[in-house]
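**Student:** Task: produce atomic coordinates for the following.
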Amino acid sequence: MMGSGFMHRRLRTVLSFFSIVFVFFLAGCGFVNVANLTPTVKKTYVLLVGADKWLKNVQVENQMADSPQGMSVIPLATDGLATTALLKQINHSTANVVILVQPSTALMQLPASHPNIHFYLIGNSLKITGKNVTVLTENDQQLASIAGYIGGGSVTQGQTISILSGPSVPPAAMTSVVDAVYSGSHAAFSANPVQWVSQPGNTTLAQGVWVLWGTVPANDIVTLAAAKQKVIAVNSSNNLTGMSVVASYSPTSSISGGIQTALNAIYHQLALPKVWNVPAHYQLNTVSSWQQPSGVTNYEQMMTAGTLSPTGFLQNVPSVKTAQSLHLPVPPTLNIAKG
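**Tutor:** A predicted model of the protein is given here:
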């Protein structure tokens, strides 16, 4: 009569054999990721297409790493790939959604030829329509209003907030930018003047804060640096090493914010409008003590949520009561009793 130990070993051998057969039955000749066998998880494949400078950016990599459960983000770099080869890879992907970062003209044709795939387009003002397209872009007036709010808290009485635009910025677009900067400055309880300067020149510069709107000529940067001016950089690629940079907003922030918005919409199955503004978030280096970073963050969030218009305070500085109702900080020098 066989011992119980022998029978147990034989039973384990038989079970192991059937387990191996079962795994190979599922896998065929491939590898089975056990995590993917969970029947309650619906896998969403997102193809993220863009240049290496974006896909390998730390902020973007963090966004991909933090993608929600059940979502697989697959990067596809456009560097070194011919358009035909790139299109072929996209066409043969199993992605349910495609995110295009600053796409070329050829890639912008994809939504029309793939009506069953939803496309999120990030960067630049992309004039593309279609039921399967969502354009994620920054709002210039929101950016300008936040810059004005930061600048308004950084100037002292009698100083000026000057806006210096790059040569690629259409002059016609600057009217709305100036208005938004003015409004943001008012929101920071600053009644100081705001001016748009086409060229600093060699004349005496107005002391205060300079908002660099885009990339400006290098000689203008030299002029501002020599005068030890404070600057707020908005989408500028200028070398500002050694300068007093109060705050900055870069294309990286826009791209990263756009990807975060897209992934959030995909995960929660949100139907965004055809054009959606990317939340603006400035990198703060110095900010007035009374504003605090939390005050700037709150102002940014109101811009994103639409709680406050970028030109909501264009005409006047708000009352203390109004500012408090919006949870905006108030300078301690103000007499609250008169608010």
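**Student:** Parallel or antiparallel, list what pairs with the helix or strand where I161 lies.
**Tutor:** Following DSSP states H and E, one finds I161 within strand 160-165. Sheet pairing of strand 160-165 (DSSP bridges) gives strand 194-197 (parallel), strand 208-213 (parallel).
**Student:** any chance of these in JSON lines, plus mean pLDDT?
**Tutor:** Below are those laid out as JSON lines (pLDDT from 0 to 100):
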{"stretch": "strand 194-197", "mean pLDDT": "93"}
{"stretch": "strand 208-213", "mean pLDDT": "96"}
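**Student:** of all those strands, which lies closest to V97?
**Tutor:** strand 208-213 (33.3 Å; C-beta to C-beta). From N, CA and C alone the C-beta is placed, and that goes for glycine too.
**Student:** just the strands in the stretch 51-200 of the chain please.
**Tutor:** For the stretch 51-200 of the chain, the strands defined by DSSP state E, counting those that start in this stretch occupy 71-77, 97-101, 118-122, 133-137, 160-165, 194-197.
**Student:** Is it possible to get CSV of these that adds distance to G258?
**Tutor:** Converted to CSV, these look like this (distance: least, C-beta to C-beta, whole Å):
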stretch, distance to G258
strand 71-77, 13
strand 97-101, 8
strand 118-122, 4
strand 133-137, 4
strand 160-165, 23
strand 194-197, 28
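**Student:** Could I get the ones you listed in JSON lines, plus columns for mean neighbour count and distance to N239?
**Tutor:** Formatted as JSON lines, those follow (neighbours: other C-beta atoms under 10 Å; distance: least, C-beta to C-beta, whole Å):
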{"stretch": "strand 71-77", "mean neighbour count": "17", "distance to N239": "26"}
{"stretch": "strand 97-101", "mean neighbour count": "25", "distance to N239": "24"}
{"stretch": "strand 118-122", "mean neighbour count": "24", "distance to N239": "26"}
{"stretch": "strand 133-137", "mean neighbour count": "21", "distance to N239": "26"}
{"stretch": "strand 160-165", "mean neighbour count": "24", "distance to N239": "15"}
{"stretch": "strand 194-197", "mean neighbour count": "18", "distance to N239": "20"}
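**Student:** Counting neighbours, which bits of stretch 55-70 end up buried?
**Tutor:** For stretch 55-70, a neighbour-count test (16 or more other C-beta atoms under 10 Å) marks 55, 57, 60, 63-64, 67 as buried.
**Student:** should've said stretch 188-207
**Tutor:** 188-190, 192, 194, 196-197, 200, 205-207.
**Student:** shaky segments in the stretch 51-200 of the chain?
**Tutor:** For the stretch 51-200 of the chain, the stretches flagged by pLDDT under 70 are 124-126.
**Student:** still on that earlier bit, looking at the strands of the stretch 51-200 of the chain, which is nearest to T286?
**Tutor:** In terms of C-beta to C-beta, the element of those nearest to T286 is strand 160-165, at 15.4 Å.
**Student:** Only alpha carbons, please: show that closest one as PDB.
**Tutor:** Output in PDB follows, covering the C-alpha atoms of strand 160-165 (Å, rounded to 0.1, in the frame of the first residue of the first chain):
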ATOM      1  CA  THR A 160       5.800 100.100 -13.800                       C
ATOM      2  CA  ILE A 161       4.900  96.700 -15.200                       C
ATOM      3  CA  SER A 162       6.400  96.600 -18.700                       C
ATOM      4  CA  ILE A 163       5.500  94.000 -21.300                       C
ATOM      5  CA  LEU A 164       8.200  93.200 -23.900                       C
ATOM      6  CA  SER A 165       7.000  90.900 -26.700                       C
END
